[in-house]
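1. okay, predicted coordinates and the sequence, questions at the end:
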Amino acid sequence: MPRVKLVILDLDKTVWDHPDPSLLREPLKKVDSDTVVDSEGVEVHLYHGVRETLEALQQRGVVVSVASWNRPEVGFKLLGMFGIERYLRHPKIQPHPAKHLMIRELLEELKSENLPMRPEEILYVDDRTLHLEAIRREIGNVRFLQIGVDIRRLEELIRYIDSPDITDFSK
């Protein structure tokens, strides 16, 4: 099986602990490097090890992006406040659930930069399988890891990227 060249991450309950930051109330305030709070005191925490994982993927030459169903202004603001946007290539945060469309858009942008990706070179990471069927139908048989099922934390994904023994991530 070809090596993973592109990792696409969900955000909610995958990169941070909040299930739907679109519900946050502005203004958002940074409490510390891993915590943001909204005007009503609702906190969003970046999961432990996310920055280190993104850095490790970057060092391995893996392209990393996101596909997230959120209000873009909130999602991008959180990426910036947590300081992780610099690791992401053409992140997709859109106010609809059609992640396959976001991924198609991402793949077209990468192709235009002479970075075409085949489905088997893509690893999609999410806390739910909700979008997986449509992604595989429209994009192809991408590899998949589910947070909380296949891996407990994002940090564990480096083991999958590095392991020559892992041949199939599909469900």
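-> Right, received. Where do you want to start? None of the values given here were measured: they were computed from a predicted structure.

2. gap between the longest helix along the chain and the chain center?
-> Scanning the chain for the helix with the most residues, using DSSP state H, yields helix 99-112. Helix 99-112 has its C-alpha centroid displaced from the chain centroid by 14 Å (C-alpha atoms, centre = their mean, to the nearest Å).

3. and it, what does it pack onto?
-> Using 3 or more C-beta pairs under 8 Å, 6 or more residues apart in numbering; DSSP states H and E, the elements in contact with helix 99-112 are strand 6-9, strand 63-69, strand 92-94, helix 132-138. Every C-beta, even on glycine, is put in place using the N, C-alpha and C of the backbone.

4. immediately after it, which helix or strand?
-> Next helix or strand after helix 99-112 toward the C-terminus (DSSP states H and E): strand 122-126.

5. using PDB, write out every CA atom in that following strand.
-> Provided in PDB are the C-alpha atoms of strand 122-126 (Å, rounded to 0.1, in the frame of the first residue of the first chain):
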ATOM      1  CA  ILE A 122      -5.100  10.000   1.900                       C
ATOM      2  CA  LEU A 123      -5.800   9.400   5.600                       C
ATOM      3  CA  TYR A 124      -9.000  11.000   6.900                       C
ATOM      4  CA  VAL A 125      -9.300  11.300  10.700                       C
ATOM      5  CA  ASP A 126     -12.600  12.000  12.400                       C
END
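
6. show me what it is in contact with.
-> Strand 122-126 has contacts (C-beta atoms under 8 Å, 6 or more residues apart in numbering) with 4-10, 14, 67, 103, 132, 135, 139, 142-147, 151, 154, 157, 160-161, 169.

7. and stretch 30-47, by the same measure?
-> With C-beta under 8 Å, 6+ apart, stretch 30-47 has contacts from 14-18, 21, 23-29, 48, 78, 81-84, 153-154.

8. give me that answer again for 7 Å
-> 15-18, 21, 24-29, 78, 81-82, 153-154 (C-beta atoms under 7 Å, 6 or more residues apart in numbering).

9. sweet, I'm off.
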